[in-house]
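[1] A predicted structure for the sequence below; I have some questions about it.
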Amino acid sequence: MEKILDVKNIEKFYGTQDSLTKAINQISFSVDEGEFVGVMGPSGSGKTTLLNCISTIDRVTSGHILINNQDITTLKGSQLSAFRRNELGFIFQDFNLLDTLTAFENIALALTIQKVKPSEVEAQVNEVAKRLEIEDVLQKYPYQMSGGQKQRVASARALVHNPSLILADEPTGALDSKSSRMLLESMEKLNKEWNATIMMVTHDAFTASYAERILFIKDGKIFNELHRGEDTRKEFFNRIIEVVTLLGGDASNVL
């Protein structure tokens, strides 16, 4: 299976030599095409810094990150912007939808920036909207939608240009339990039916149980790794809770 993400011995330091903080300390792992990987860890563990480095929001101090065999740690300026625009999709906790655009226009924006033909834009937006079951909100503005609908529109925007890797940062953090379940089922469906490659940071064990593999981060290092295998989601959830207990510290920061 093709390797989409390859993280090699990355480190991220903050501060000065007299007061140095290692947010990430020699982390290495890979993600294959079509995988749904979750990342968990206590507050301050380095999981958000890891996501920021992979998403090109932040830069590593040392090491390499390859996405589709492209070393993103060597990219700068317009090259980096183009790579981010073409290869990555983002799902944020706070949706980041533009209030003055309809759902259709928010989703289409990624394609418009890539100068896709208008006729193709409409077809692609309608296709991803059908997959995420949001066809009925395409002409609505964000203020007219529920939190769950906004997040599925944001997910459609992340998916519509067929990125190599989708990065989700606490995607259910602002949703109620019903909306969270609907979004996670949609992401699971996209992963299985569209072969979408997803990496999701979450503090929530229920959310993490929808992934196929979980990386647990502690003190800037990979502490443990779980594969779902043939487990039911409930069985996988229970195994996740066991590792969270082993992580120690304030469990409420992870659960």
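    Everything's here; your move.
[2] now do the contacts for Leu20.
    13-14 (C-beta atoms under 8 Å, 6 or more residues apart in numbering). Glycine gets a C-beta too; all of them are placed from N, C-alpha and C.
[3] next: Pro118.
    Neighbour list for Pro118: empty [criterion: C-beta under 8 Å, 6+ apart].
[4] and Asn191, what is it in contact with?
    When contacts are counted by C-beta under 8 Å, 6+ apart, Asn191 touches 34, 36, 197-198, 212.
[5] can you redo those as TSV with pLDDT and neighbour count?
    Output for the contacts of Asn191, formatted as TSV (pLDDT from 0 to 100; neighbours: other C-beta atoms under 10 Å):
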residue	pLDDT	neighbour count
Gly34	96	16
Phe36	97	22
Thr197	96	23
Ile198	96	27
Glu212	97	18
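[6] farthest-apart pair in those, please.
    With C-beta to C-beta as the measure, no two of the contacts of Asn191 lie farther apart than Thr197 and Glu212, at 11.0 Å.
[7] what touches both of those two?
    With contacts defined as C-beta under 8 Å, 6+ apart, the residues shared by Thr197 and Glu212 are 35-36, 191.
[8] narrow those to those in helices?
    Asn191 (DSSP state H).
[9] nearest to Gly89 among the shared contacts of Thr197 and Glu212?
    When those are compared for distance to Gly89 (C-beta to C-beta), Asn191 wins out at 12.6 Å.
[10] from Val201, how far off is that closest one?
    Distance of Asn191 to Val201, given as C-beta to C-beta, to the nearest Å: 16 Å.
[11] again, but for Glu35
    15 Å.
[12] out of the two, which sits in the busier spot?
    Taking neighbours as other C-beta atoms under 10 Å, Glu35 and Val201 compare with Val201 leading, 25 against 21.
[13] the more buried one reaches Glu170, doesn't it?
    Yes. Assessed by C-beta atoms under 8 Å, Val201 is found in contact with Glu170 at 6.3 Å.
[14] list the helices and strands whichever strand or helix holds Glu235 packs on?
    Glu235 belongs to helix 233-247 when elements are defined using DSSP states H and E. Judged by 3 or more C-beta pairs under 8 Å, 6 or more residues apart in numbering; DSSP states H and E, helix 233-247 is in contact with helix 205-208, strand 213-218, strand 221-227.
[15] secondary structure class for Met199?
    strand (DSSP: H, G, I helix; E, B strand; the rest coil).
[16] burial measure for it, as a count.
    24.
[17] for Ser209, same thing?
    Counted with other C-beta under 10 Å, residues neighbouring Ser209 total 23.
[18] now do it against Lys117, distance only.
    Ser209 sits 41 Å away from Lys117, going by C-beta to C-beta.
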